[in-house]
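>>> Any chance you could fold what I've pasted below:
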Amino acid sequence: MQYLIDASVYIFRAYYSMPDDMTDKEGNPVNALYGFARFLGDFMEQVTPERIAVAFDESLTTSFRTTIYPEYKANRDPAPAELKRQFAQCRRFSRSLGLMEVSHPAYEADDLIGTLVEHGRAQGRSSTIVTRDKDLAQLLTREDVFWDFAGKGKIGYEEVPDVFGVWPEQIADFLALAGDSVDNIPGVPGVGKKTAEALLNHFGTLDEIYDNLDKVHEVSVRGAKTLGAKLETHRDSAVLARKLTGIACDAPIDDMEASLTPGAPDLGAIFALFDEADIGTALRRQAERISDIYRH
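Residues are numbered from 1 along each chain as shown. The predicted model follows:
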């Protein structure tokens, strides 16, 4: 088993949930760093993984998806300077903890995780994806786990429809139909979540839906009589959206197999970061405990 952590989810969670009056000596906020370091330390102590990677988003504006669709994520405000600074600190902490820390200017964290999932499968190894982002559930097979750590808990392949409405392999098609406002993906106008679920439950895939537009009226959903024409009118939008919603599993990552094995934490580097951030003893002691585990 390998554990693949979607770092941004937990950094944002800490930034918006922990007090913003947590600052260093110069008055810079350190709430995201503290929350992320605590989460990652708790995770390492609880799981003690033999293979792990922490994936970060490097840029919202240089992803291959913005080449396909320039409006992709254009609805998002740039991260404030104090959060960008803490993202860099969180990456430092991950590296100093001895973990594989991975990012790429053209690929998002989802794609890096997808690439590592595929690499693991090639080695005969399953994956636990640590995230709260439903998009990543599309990577699951029956051997894998979606783990909303400190949230909904572990979700297996068979449980995905109960949680997200469709099967893992249907999630990208679902988002292409219903759209994804978080990522500024419009989808098919007039097709909401319930309609998308009904279509996929009936036909299975986006391709099958478009191969059987003359049968769409048979689906038990509101507005079924006009739905086929609506889908035909917006076919290009659905095809474009599907290119955006699918996770790429071929990102260039060097030395994947070797890098997945955690090394001993660099306590000097961790304590130097904590000194800068004015972080006290609890997280330092935790780092020491993790160091004892991985030095043996």
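
>>> ranges for the strands of the protein?
Shown for the chain, the strands assigned by DSSP state E span residues 2-6, 52-55, 100-102, 127-130, 145-148, 153-156.

>>> residues contacting the residue lying closest to Gly192 once chain neighbours are set aside?
Counting by Cβ to Cβ, 6 or more residues apart in numbering, Gly192 lies nearest to Ala178, which is 6.0 Å off, once chain neighbours are set aside. The C-beta positions use only the backbone N, C-alpha and C, and glycine is treated the same way. Counting by Cβ atoms under 8 Å, 6 or more residues apart in numbering, Ala178 touches Gly187, Val188, Val191, Gly192, Lys193, Thr195, Ala196.

>>> since we're on the first one, how many residues are nearby?
In terms of burial, Gly187 registers 24 neighbours under the definition other Cβ atoms under 10 Å.

>>> Tell me how many other residues crowd the spatially closest residue to it that is not a sequence neighbour.
Once flanking residues are discounted, Gly187 sits nearest to Gly179: 2.8 Å by Cβ to Cβ, 6+ apart. Counted with other Cβ under 10 Å, residues neighbouring Gly179 total 23.

>>> isn't Gly179 right up against Thr195?
No. The pair Gly179 / Thr195 is not scored as a contact, 11.4 Å apart, by Cβ atoms under 8 Å.

>>> Flag the shaky bits of this structure, pLDDT-wise.
Applying pLDDT under 70 to the chain flags residues 60, 296.

>>> care to break it down by domain?
With domains defined by automatic domain parsing, the chain comprises 2-162+247-294, 168-245.

>>> what's the burial count for the closest residue to Arg222 other than its chain neighbours?
Nearest residue to Arg222, sequence neighbours excluded (Cβ to Cβ, 6+ apart): Thr195, at 7.5 Å. When counting by other Cβ under 10 Å, one arrives at 21 neighbours for Thr195.

>>> quick one, what contacts Thr195?
Thr195 neighbours (Cβ under 8 Å, 6+ apart): Leu177, Ala178, Val221, Arg222, Gly223, Leu227.

>>> Export those residues as a markdown table, with columns for distance to Asp21.
Compiled in a markdown table, the contacts of Thr195 are given as follows (distance: Cβ to Cβ, whole Å):
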| residue | distance to Asp21 |
| --- | --- |
| Leu177 | 44 |
| Ala178 | 39 |
| Val221 | 50 |
| Arg222 | 49 |
| Gly223 | 50 |
| Leu227 | 52 |
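
>>> Tell me the one among those nearest to Ile11.
Nearest to Ile11 out of the contacts of Thr195 is Ala178 (Cβ to Cβ; 27.1 Å).

>>> gap between that closest one and Ile247?
As judged by Cβ to Cβ, to the nearest Å, Ala178 and Ile247 stand 17 Å apart.
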